[in-house]
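K.L.:
This is a predicted model, with the sequence first.
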Amino acid sequence: MTVHPHKWENSGTHRVPYWVYTDPEIYARELAAVFGGKSWNFVGLEAEIPNPGDYKRTAIGESSVIVVRGKEGEINVLKNQCAHRGLEVCRQDYGATRAFQCPYHQWTYRLDGALSGVPFAKGVGGHGGMPDDFDRKDHGLTKLNVTTRHGAIFASYAQDMQPLEDYLGDKMLTLFDRVFNGKPLRIVGVSRQRIPSNWKLMFENIKDPYHASLLHVFLVTFGLFRVDNPSRTEMDSTGRHSALVSRRSTNLDPNAATQEMASFREKLELKDPRLLDIVKEFSDPATVVMQTIWPNLIVQQQANTLATRQILPAGPDAFDLNWTFFGYEDDDDAMRTRRLRHANLMGPAGFVSLDDSEVMDLAQRGIHVDPEQQAVVEMGGRGREDHDHIVTETAIRAFYGYYREIMGL
Amino acid sequence: MTVHPHKWENSGTHRVPYWVYTDPEIYARELAAVFGGKSWNFVGLEAEIPNPGDYKRTAIGESSVIVVRGKEGEINVLKNQCAHRGLEVCRQDYGATRAFQCPYHQWTYRLDGALSGVPFAKGVGGHGGMPDDFDRKDHGLTKLNVTTRHGAIFASYAQDMQPLEDYLGDKMLTLFDRVFNGKPLRIVGVSRQRIPSNWKLMFENIKDPYHASLLHVFLVTFGLFRVDNPSRTEMDSTGRHSALVSRRSTNLDPNAATQEMASFREKLELKDPRLLDIVKEFSDPATVVMQTIWPNLIVQQQANTLATRQILPAGPDAFDLNWTFFGYEDDDDAMRTRRLRHANLMGPAGFVSLDDSEVMDLAQRGIHVDPEQQAVVEMGGRGREDHDHIVTETAIRAFYGYYREIMGL
Amino acid sequence: MTVHPHKWENSGTHRVPYWVYTDPEIYARELAAVFGGKSWNFVGLEAEIPNPGDYKRTAIGESSVIVVRGKEGEINVLKNQCAHRGLEVCRQDYGATRAFQCPYHQWTYRLDGALSGVPFAKGVGGHGGMPDDFDRKDHGLTKLNVTTRHGAIFASYAQDMQPLEDYLGDKMLTLFDRVFNGKPLRIVGVSRQRIPSNWKLMFENIKDPYHASLLHVFLVTFGLFRVDNPSRTEMDSTGRHSALVSRRSTNLDPNAATQEMASFREKLELKDPRLLDIVKEFSDPATVVMQTIWPNLIVQQQANTLATRQILPAGPDAFDLNWTFFGYEDDDDAMRTRRLRHANLMGPAGFVSLDDSEVMDLAQRGIHVDPEQQAVVEMGGRGREDHDHIVTETAIRAFYGYYREIMGL
Amino acid sequence: MSNDPGLMLEVQALYTAYADLIDEGPISEWPSLFVETALYKIVTRENLARGWDLGLMLCESRGGIEDRAYAIEHLSLTIPRRVRHLISGFALTTNADGSFAVTANFAVFETIEGRVTTTFASGRYRDIVVREADGKLRFKEKISVCDAATINNSLVYPL
Amino acid sequence: MSNDPGLMLEVQALYTAYADLIDEGPISEWPSLFVETALYKIVTRENLARGWDLGLMLCESRGGIEDRAYAIEHLSLTIPRRVRHLISGFALTTNADGSFAVTANFAVFETIEGRVTTTFASGRYRDIVVREADGKLRFKEKISVCDAATINNSLVYPL
Amino acid sequence: MSNDPGLMLEVQALYTAYADLIDEGPISEWPSLFVETALYKIVTRENLARGWDLGLMLCESRGGIEDRAYAIEHLSLTIPRRVRHLISGFALTTNADGSFAVTANFAVFETIEGRVTTTFASGRYRDIVVREADGKLRFKEKISVCDAATINNSLVYPL
Ligand code: FES
Ligand code: FES
Ligand code: FES
Ligand SMILES: [Fe+3]
Ligand SMILES: [Fe+3]
Ligand SMILES: [Fe+3]
C-alpha cells in the first residue's frame, strides 16, 4: 500500500521506523540483500546428518534447500529445485538416500547435486531424447557455498565469502566456540514455531537483554536471570552479531532490581525442583550466554539447555523459528535427563520463551496500528558500543547500523 | 492488479464503479482519508465503561485503540501502540485497570495515556538507563480527539474537528437524540460478525431502504416494514449521514406493494408471538428509524430493539460489524425481556439482518466478476435530495457525493 | 515484489522463465489476454443441463458465469453479476429455474439474460421509481458469445470469434469428434480439486506425455501406458492445442523402456481385476487420447473412462480442476459399471492422476525457490513440430510459442 | 457423575438426533427434541463473561423453536450451505428434580456451496435434559456457548 | 435405535479400528475390517444430490480395497502426510436381515510434512455392518459422504 | 480390547474431566487427574519418528504437573485465549499389571480473544490409566502426540 517508497529519516539507529517490519518492498529486498547476500546462513548441525546420504530439508530466506552429507562425508547444501522443470526434488523434512530423484521425470542427482541420470536422454527406439549438445554438467542442483565449524553448518549464496572465523570476529568466535567446542554433539530434539511477527523482532528480543528481567517472571523468580547479575553485552566490529553474557549470582538483595518488577514473587518454590537442578558445565563463570549471528541464528545456553534457533522468514508478518536442542556425545545419563528437563524453559511451550512468542505477536500487531511511527531504542544511550551490563539496547542499535548499510536505507 | 490507477468517469453518483469496492489502492486511501481524516468515528457507549479504569479495545479503520474512562470519569481514546517498541499494550477486548502496563518492558501509562513509569530509566547500579534528555512527557500513548453525546463516544485523529452537533447537522442531530435522549443507557449485549464484503456495502444496505420490502420476507410478512408505509429518507447537508424513518401502518391492502414481492406469505403466524409483541416507546409516530453516521456508525431502532452497529474495515473484501444492543436504565423487566426477544431480528442470526449479511457476501463476489462495470443507482431518480418516501436510492447517491469529495475521485 | 517488470530473454520456448508461474502482474494479464481474450472457453456439457431452465454455475478465468438452457432449448452463457448493484444472481452450483431473480431487489432476468422485471420501477403510490428514460433493454445480464459442438459448450467474451471448427483446426477437430461423436452423452459424475499450482502446469502435465511412463507406476505396471507404445504428439497450426495419441501394445519386452523406470514392478496383479477390464470402444487403434484445448480444457480418453477437465485459475499459485466424467446414452449396464470402475484411475484420488496433483504441488513450491531460474524444455529437441512418438516436450514448446504471442512476452 | 451406560447411550442418542436433524435435516423435526416450554439459546462466551443476557438466538418455547426452524427453511435468504457437528466429552449429573444436567464440547464445520469446508465454531453445551411422559428424553434447556465472540458472517443454523 | 451399550461399544470399536489403521497404520490391515464382498465408496454430496453414481474411490470387494491399500503404500507418488479422524454421533438400527445400519459424522484433519494441520474434510458415514462367522463385526458397505464438492488437492487416504 | 461398557464410560469420564479442566478450568485442578508419580509429555510425531526424546512439555511427577498448571495461571505472559478439545476413537486394553493402555484421537481448537476460532492441533493420546486406592481412575502416563511438527506460535495449554 506504500504510495512512495519509504525513507529512513534520522541518521542514527536509536529510532527505528515501523515500516521496516511491515513494508512488502522492504521485505523483498531483505530476502535478496540479507539472506541472499554476503551472509553465512545457519542451516543445521552435522549431528542431524551423521552418515553419508543423511539429509535434511530447510530453507534460507524463503528458499528451500537440502543439506546432505556426501559420499566422502563432506556436507553439501543444494537448492531444492529440479534443473528440469523446477520441482522440489526433496519432499521430506529429513531422511537418508543414495541420490535425489525427482519424481516427475526421474532426473537423478548425486549427493553433491551433479545430474547423474536423465531417462530417455538418448530417446527410445531412436525416437526423441535430449539434444546432442545437452550436457548434464550444466544441469545439476545449484550448490551453495558451505562452511562448518565444530559441528555447525553454514551456507551462502555468495561464493566469495570471508571465512566464518573472520565473519564472526574474535569476540564472537570465542563465545561461539564456548558451546561449539569441538566435542561431538548429540541431538536432543527439535521444535518448530510459526511466529506471527517480523523476523527482525526475534533478533531484537535476544539483543535486548533487559526485557528478560521484566517480562520473564519465571526467570526472575527463580533467579535464573536478573538485571543486577554481573553481565555484559558485546558485538562484533560490524555490529551484526552480538552476545549477552550473564552470571547467576548467589545471594542478591531481592529488593534491588526486582522491586521494579510488577509481578515478582519472592516465595515461589517448585513442586518438582528437578526442573531447575542446574550443574556448571562450562569453565567460565557465565551461566547464560545468548548469541545472535547474522542473519538467522541464535545460539542459546541457559541453565543446561543448549539450542540453536534458526530463523526462517515467511513474509513481513511471520517467521518460522526452528529450535534444535542438543548436548554432547559424552553427556552422562544424568545430564541427558537434565537437558530434557531444562528444555521445559524453551520452545513453543517454554516457561520462559512462551512469554517471548506472545510478546512478538503483540509487537507485530501493535506496529501495524501505525507503521509510520518509530521505535524508541534508547536504553543505555544512543550509541552502539559494548556495555559491561545489560540495562541497554545497544545491540539493537548496532544491528540496525549494519542493516541500514546492507539495505541501503 | 490495476496497471494504471482508476478514475471515476462520469460526474454523477448514480453510477458507482465497482473498483471502489475491490482496488487495494483505493482502500489504502480510505483508511487515511475516511477513517483517519476529519471524521468522528464511533468507538462505543459510555455504559460499556461505567467506572474509572473500565476500558474496551476497539479499532478505528484498522488501527487498534483503547477506550478508557479516566480517574475523573472523563473518557480517553488512546492508540494501542506502546511508545517504546510498539506493542499493543492492551491485549484484552475489555476490562478494568488502574494503568496500562506494556508486558515487554513494563512501560506504564496512566489512563490518559501519559507515560508514568519506565523501569530502569535511571539504570541499575549506575549502569545503563535512558538518556538524560529522555522526557516521559514526549512518550505517552497517542491520545485521540474525543467527544461524547448522551452516552455515545466518538473519536478522531483530527484535532481540529467541528463539534459533533455541527458535524451531524440539525436534522441528523434530532434523530440521533431521539434514541440517545440523555437517559442512562443499559447494555443488553454485543455481537460481532466478520462480513466478507467491502465496508461501504454495509452503508449502502441501510441507505437503501427499499430493499427491505423486497428482501426481508420476515419483515414484510409481519408488517414490520413495507414500502407503502408512510416514511421518509433524509440526509444532512453534506450527504454523508442519512436516515430512514418509517411508520408501521395498521391495515394496509396486502396486495398493494406486496404483490410485487415474490415470496410474500399473507397467512403466516408466529407460534410464539412474544417475538413481536411491540410497545410504542417513542413520542413520535415512527416505528423504525435507521440512521447512518459517517464514517462507521449505524443507529438502529426497529421494534423495541435498539443497537449501534460499528463498522471496522478489514481489507477491501471484508469488515467486522460490531453490534451493541442496548436499552435504558429505567427499562422495566417486561421491556428488558422484550429487548432480548426482539434482538432475534438482528445480528448474525437475525431473522432480518441474516438476509443482509448473505446479500453482502453475494454482492462482493458478484462485483469481483467484473470490477470495471458499475452499479446503477437510479431508484428515485439521479439526484441526492431528501425524499418523503423510501422507494429511492437517494441516500446512496448522497453518500458517494461526499465520498468523491473526500477521496478526490 | 517485482521491482521492474519481467522480460522473457531468450527467443525460443525451450527455456521457460519461472516467473510466468508466480508473478501477479503476469497473472492479471493472463486473465485478460488468455481467458478474457479471443478464446473459446469450455464451460460444460449440454447433458448437464438437458431441459429448458436447467443451469449450472461455473467460471471463465476467475469470473463467475451462468450456463443455462433457454426456453427454446438454446444455450446461454451469462455473466453472474446483477445489472443493478452487482450481486451474484445465481448462488447455486446447479439447478432449474424459470428466471433468475436477484435476491436483493428482485430484479428478474429471463433465461437469455434480458431484464424482465424491476420492482417499483414506476414507484409506489406515485413515489419514487426509476427514471423515465430507464430502459430495461440496457440492463440485462451480459451475454457471452456461445458455441457448441456435439454436446460440448464453449463461450467467449469476444464477439468476433472464428467458428470452433476453425479454432480447433482439422487435426484437433478430428480427435475432438472422436469422443464427441454426436452420440448423446450421459453424465457419470463430477469431481473438483483445488490444486496449489499455476494453471499452466496442468497443461504442461498433459502436453508432456513422457512423464507418464516414469511417474505413473500404476499406469506402466499394468501396461496402460508406456513410452514405447506406438504413439504420436500433435498440435494445431498455432500450437495452442495439442493431443497425445497412444496405443496399448500386447506384448512388449518388459525390459525395454521400463528398465529406466525406478519403481517398475513386473509381477504386480490386481486383486480385483475388474478395475481394468477394458473393452475397445473406438474404431481407431488408439487406446489413450489426451487432448488439450486452449485455454482451459483437457479431453481425456483413457481405458473406458471419458472426461472433460476444466481449468479455473485462482491466482498465480492455484487453480480449480473440474472433472466431468461422462459416457454415452446408449451405454449398456456393463459399460456404465465399467466407466464407474475406471474412474478410479482419475480425479483427486485417481490411481494415476493422484501422482499428477502431487507433482504439481511440488512444482509450484520448487518454482518459488527461485523464480528467476528457467525450465529446460528440451526433450525431443527445441522445435515445436509434431512427433510420431511421445519422448518429447514439443507440445509444451508449441504452447508457449502461442502464449508469448498472446501475452506479448 | 452417572455411570449408567444405558442412560448415557440414551442421552447421546438425543444429541445425535439433534445434530442429525440440523446437519442432515429435516430441520422441521428438530423442534420435536425439545419440551413444550423449552429454552433454547446461543450465547457467546463474551456476553456470558460480561454478564450480558443477549443471545444470538433465543427461543423461549418449542413454538419459538418451530418459528426459528420455519424461518431457516422458508423465510431467510441464505447461500446454500451445510453444517456438520462433532460432539464429544459428555458429562451427566442428575439434578434434585430428576432432570439431567448435561455438558459436552462441540465443533461445527461449515461447507458453503461452491466453497471448501471450514471450521465454523467450537464451544460448549450446558443443557438440561428431562424424560417426558412418553418415556422420551428431551431438552428442557439447551444453551450453546460459542467460544468465539465473532461469527464468520451468518449464523444460519443452530449450533 | 439400539440401546444395547455392549453392541454400541463393539460397533464403535470397529470405527476406531477403521480410523486407527488409516491414521496410524498399517494401512495394509485396513481391508481386514471389510467382508469379502464389501462395497467401499467415497462420494461427494454433490454427486449424490444430482443422482450421479461417480465415486472418488470405488471398491467393489475386499480385493479392491486391498488394491487401493497397496497402491497408497507402494504405487502412488505422494507428499508424506498424516490424516486424523474424529468421529461422533453414532446411530445404529438393525435391519430385517440382522445387519446393522450405522451412521456417524466425521471430520478429517490433514498434516502434510513440513506444513501445519488443516481441516481436510467433514462428512457422514452411511454404513452397513454385519457380524461374521468368526463373531467379528465388519463393514459390508461403507459409504463416506464428503460434504464439500471440492477436494483440497489430493485425496490420498480413505475418508 | 475391553468391551465392558461401564469401564469404558468411566475411562471416557476421565478424559472428559481432563478436557474440561483445560477448556473450562480451573486448570489448578487439572493435576488431580494424575497419580503422584505420573509422567506427562507432549511430543511431536517428528521427534518420535526421529528417535529424539524432546518433549514440548515434560512433567515427571504430579508436582511437575502442578508447576506447569501454576505457571500457566500465574507466571506466563499470554494473550487471553480458550482451547476446546474434541476427543474420539477410544481403544482400551488391560496390561499385565492391571493398568489400562488407552489410545484416542484428539483435535484442539483455539480461540484467541478478539480473533476467530482456528484448528490448533490434531493428534493422538497414548496413555496408561490406573485405578487408585480411592477407587478413582487416574493417568499414570499421558503422552500427547501432536501430528504437526510446527506449532502455531505458542503452546499455552496442554494438548
Ligand atoms: S521436473 Fe524434475 S525431472 Fe522433470
Ligand atoms: S515495547 Fe512496550 S515497554 Fe518495551
Ligand atoms: S443488486 Fe440485484 S436487484 Fe439490486
Ligand atoms: Fe525473552
Ligand atoms: Fe436489510
Ligand atoms: Fe500424468
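P.N.:
Everything's here; your move. Ligands and ions are numbered 1, 2, ... in the order given.

K.L.:
Close to chain E: what parts of chain D are there?
P.N.:
D:5-6, D:8-10, D:12-13, D:15-17, D:19-20, D:23-24, D:82, D:84-88, D:107, D:109, D:111, D:113-119 (Cβ under 8 Å from any Cβ of the partner chain). C-beta here means a position set from N, CA and C on the backbone, and glycine is covered the same way.

K.L.:
In chain A, where is pLDDT below threshold?
P.N.:
Residues of chain A that meet the criterion pLDDT under 70 lie in A:1-4, A:250-267.

K.L.:
what pairs with the closest residue to chain F within it across the strands?
P.N.:
Residue of chain A nearest chain F, by Cβ to the nearest Cβ: residue A:189 (2.2 Å). On the basis of DSSP bridges, residue A:189 is bridged to residue A:325.

K.L.:
tell me the contacts of it?
P.N.:
Taking Cβ atoms under 8 Å, 6 or more residues apart in numbering or on different chains, we find residue A:189 in contact with A:324, A:325, A:343, F:47, F:50, F:52, F:53, F:54, F:55.

K.L.:
Residue A:201 now?
P.N.:
Applying Cβ under 8 Å, 6+ apart, the residues contacting residue A:201 are A:21, A:360, A:363, A:364.

K.L.:
pLDDT weak spots in chain D?
P.N.:
D:1-2.

K.L.:
do that again at 90, thanks
P.N.:
D:1-3 (pLDDT under 90).

K.L.:
Could I get the full set of strands for it?
P.N.:
Counting by DSSP state E, chain D has strands at residues D:34-44, D:57-59, D:81-94, D:100-112, D:117-131, D:137-146, D:150-152.

K.L.:
between the ones you listed, which one is nearest to ligand 2?
P.N.:
strand D:150-152 (26.6 Å; Cβ to the nearest ligand atom).

K.L.:
That closest one near chain F at all?
P.N.:
Yes: residues of strand D:150-152 contacting chain F under Cβ under 8 Å from any Cβ: D:150, D:152.

K.L.:
partner strands of that strand, parallel or antiparallel?
P.N.:
strand B:185-195 (parallel).

K.L.:
from the chain's centre, how far out does the partner strand sit?
P.N.:
11 Å (Cα atoms, centre = their mean, to the nearest Å).

K.L.:
Dig out what residue A:300 forms beta bridges with.
P.N.:
Assigned bridge partners for residue A:300, using DSSP bridges, are residue A:290, residue A:307.

K.L.:
Residue A:178 contacts residue A:285, doesn't it?
P.N.:
No: assessed by Cβ atoms under 8 Å, residue A:178 is found out of contact with residue A:285, at 11.9 Å.

K.L.:
So those two - more neighbours on which side?
P.N.:
residue A:178 (18 against 11; other Cβ atoms under 10 Å in any protein chain shown).

K.L.:
Run a quick neighbour tally on the closest residue to ligand 6 within chain D.
P.N.:
Of all residues in chain D, residue D:116 sits closest to ligand 6, at 24.3 Å by Cβ to the ion. Neighbour count for residue D:116, taken as other Cβ under 10 Å: 19.

K.L.:
wait, it sits on residue E:149?
P.N.:
No: look at residue D:116 against residue E:149 with Cβ under 8 Å: they stay out of range, at 9.1 Å.

K.L.:
related to what we said a few turns ago, of the residues of chain D next to chain E, buried ones?
P.N.:
D:5, D:8-10, D:12-13, D:15-17, D:19-20, D:23, D:82, D:84-88, D:107, D:109, D:111, D:113-114, D:116-117, D:119 (16 or more other Cβ atoms under 10 Å in any protein chain shown).

K.L.:
when you check chain C, which of those turn up near it?
P.N.:
D:113, D:114, D:116.

K.L.:
of all these, which comes closest to residue A:88?
P.N.:
Closest approach to residue A:88 among those (Cβ to Cβ): residue D:116, at 24.0 Å.

K.L.:
show me the contacts for the closest one.
P.N.:
C:194, E:148, E:150, E:152.

K.L.:
Residue D:106 against residue D:87, yeah?
P.N.:
Yes: using Cβ under 8 Å, residue D:106 makes contact with residue D:87 at a distance of 4.9 Å.

K.L.:
what do the two both touch?
P.N.:
In contact with both residue D:106 and residue D:87: residue D:125, using Cβ under 8 Å, 6+ apart.

K.L.:
residues in contact with the closest residue to residue D:41 other than its chain neighbours?
P.N.:
Spatial nearest neighbour of residue D:41, excluding adjacent residues (Cβ to Cβ, 6 or more residues apart in numbering or on different chains): residue D:55 at 4.3 Å. Counting by Cβ under 8 Å, 6+ apart, residue D:55 touches B:189, B:340, B:343, B:344, D:41, D:42, D:43, D:47.

K.L.:
Contact partners for the third one?
P.N.:
Read it as residue B:343. Residue B:343 touches B:188, B:189, B:305, B:307, B:325, B:350, D:54, D:55, D:58, counting by Cβ under 8 Å, 6+ apart.

K.L.:
Ok, residue A:96 next?
P.N.:
Contacts of residue A:96 (Cβ under 8 Å, 6+ apart): A:51, A:53, A:54, A:55.

K.L.:
Now do the phi/psi pair for it.
P.N.:
Main-chain dihedrals, residue A:96, degrees, to the nearest 10: phi -140, psi 140.

K.L.:
right, and residue D:83 touches residue D:21 too?
P.N.:
No: in this structure, residue D:83 is not within contact of residue D:21 by Cβ under 8 Å, at 11.5 Å.

K.L.:
tell me the contacts of the residue nearest the centre of chain A?
P.N.:
For chain A, the residue nearest the mean C-alpha position is residue A:297 (2.3 Å; Cα atoms, centre = their mean). By Cβ under 8 Å, 6+ apart, residue A:297 lies in contact with A:41, A:42, A:308, A:309, A:310, A:311.

K.L.:
Could I have the buried ones of these as PyMOL selection syntax?
P.N.:
Burial among these is assessed by 16+ other Cβ under 10 Å; the matching PyMOL selection reads:
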select buried, chain A and resi 41+42+308+309+310+311
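
K.L.:
which one of the contacts of residue A:297 is nearest chain E?
P.N.:
Of all the contacts of residue A:297, residue A:310 has the smallest distance to chain E: 14.1 Å, by Cβ to the nearest Cβ.

K.L.:
Helix or strand: which one has that closest one?
P.N.:
strand A:305-313 (DSSP states H and E).

K.L.:
Ok, residue A:320 next?
P.N.:
Assigned by DSSP H and E, residue A:320 falls in strand A:319-328.
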